[in-house]
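Peer 1: Sequence and predicted structure are below.
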Amino acid sequence: MKIQTPARLDFDSKAVLDEAASRISQVGRVTEPARRAFLRRSLSLGGLAMLTGCTLAHEDSVDAALTRISRMNDDVQAWLFDPNRLAPTYPESMITRPFPFNAYYSEDEVRQIDEGSYRLEVTGLVADKRKWALPELRAMAQTSQVTRHICVEGWSAIGKWGGVPFADFLRRVGADMTAKYVGFKCGDDYFTSIDMPTALHPQTLLALTYDSQPLPPKYGFPMKLRMPTKLGYKNPKHIQAIFVTNTYPGGYWEDQGYNWFGGS
Ligand SMILES: Nc1nc2c(c(=O)[nH]1)N[C@H]1C(S)=C(S)[C@@H](COP(=O)(O)O)O[C@H]1N2
Ligand SMILES: [Mo]
């Protein structure tokens, strides 16, 4: 993967690479204030103005500048992403009990999705756009893993997810593996998207179970994408539609300034 260098890039790109490397070594500890502090440290206001072609008189233009730089960080992180590097796995004795719930709403508002009428939509750059019922997903070869989930809100927890390796699923639907993005639309109107190398990573799972039981509603019934290489907000629950595309799909939190790559 190549870094797309913005035309008027005018700050120390080594600092950006160092930041990307340190993000990867301490994935999860990158908070929004830390990101802004880093950007303030490493960029002069003049450099920021040069980069964005705007004066920094208003918060809005600062935010626009930060968004552009975050998108460039996405490219740097994707470039540093090693598809063969595995996230740590843990013994079952280390599973966090109870495992925390999180969403952009509270636990009493969790969506109840009906198992019988559920059909997963698969669209975009795929050969087979057939819809999937839950038993069909359960009939594919399953695997499980115990990994750490890291939320940018400042907590992490170890859990066990089981399901279909996402690469197997993408192969099965004849996805264009050279496409840039895989996007997800969820039953609670949440949405996110990931890069294709992460979609094909061996630990990326279409998860149908949590702790060896069907995924409970609060953890994303009937299905979620589980990626131990990505921060919590990149792991969509209640997936209703999957699409393969070359058009940047963004995401619920990403569109509000969270870093799109969001992981290692
Ligand atoms: N559909 C959906 N997926 C989502 C979210 C959400 O609000 N809706 N929140 C994300 C965030 S920020 C986190 S930390 C995890 C929480 O997953 P958990 O409830 O299994 O801990 O779900 C992620 N996926
Ligand atoms: Mo999160």
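Peer 2: Structure's in. What do you need? Ligands and ions are numbered 1, 2, ... in the order given.
Peer 1: can you pull the buried residues of stretch 252-263?
Peer 2: Within stretch 252-263, the residues scored as buried using 16 or more other Cβ atoms under 10 Å are 252-254, 258-263. For the C-beta atoms, the positions are set from N, CA and C on the backbone; glycine is no exception.
Peer 1: That one: end-to-end distance?
Peer 2: Start-to-end span of stretch 252-263 (Cα to Cα, to the nearest Å) is 16 Å.
Peer 1: near ligand 1 at all, that stretch?
Peer 2: No - Stretch 252-263 lies out of reach of ligand 1 by Cβ under 6 Å from any ligand atom, never closer than 6.6 Å.
Peer 1: I'd like to know which elements the lengthiest strand in the chain is packed against.
Peer 2: When the chain is parsed with DSSP state E, its longest strand is strand 155-165. Under the contact criterion of 3 or more Cβ pairs under 8 Å, 6 or more residues apart in numbering; DSSP states H and E, strand 155-165 touches strand 143-151, strand 205-210, strand 224-226.
Peer 1: ok, residues contacting the following helix or strand past it?
Peer 2: For strand 155-165, the succeeding helix or strand toward the C-terminus, using DSSP states H and E, is helix 166-172. With contact meaning Cβ atoms under 8 Å, 6 or more residues apart in numbering, helix 166-172 is reached by 128, 140-141, 177, 182, 199-202, 204-206, 225, 244.
Peer 1: pLDDT on helix 166-172, on average?
Peer 2: On average, the pLDDT along helix 166-172 is 98.
Peer 1: please begin residue numbering at 14 from this point
Peer 2: Got it, first residue is 14 now, which makes that one helix 179-185.
Peer 1: Report the buried residues of it.
Peer 2: Neighbour counts using 16+ other Cβ under 10 Å place 179-180, 182-183 of helix 179-185 among the buried residues.
Peer 1: Next: stretch 146-166.
Peer 2: Buried, per 16+ other Cβ under 10 Å, within stretch 146-166: 147, 150, 155, 157-163, 165.
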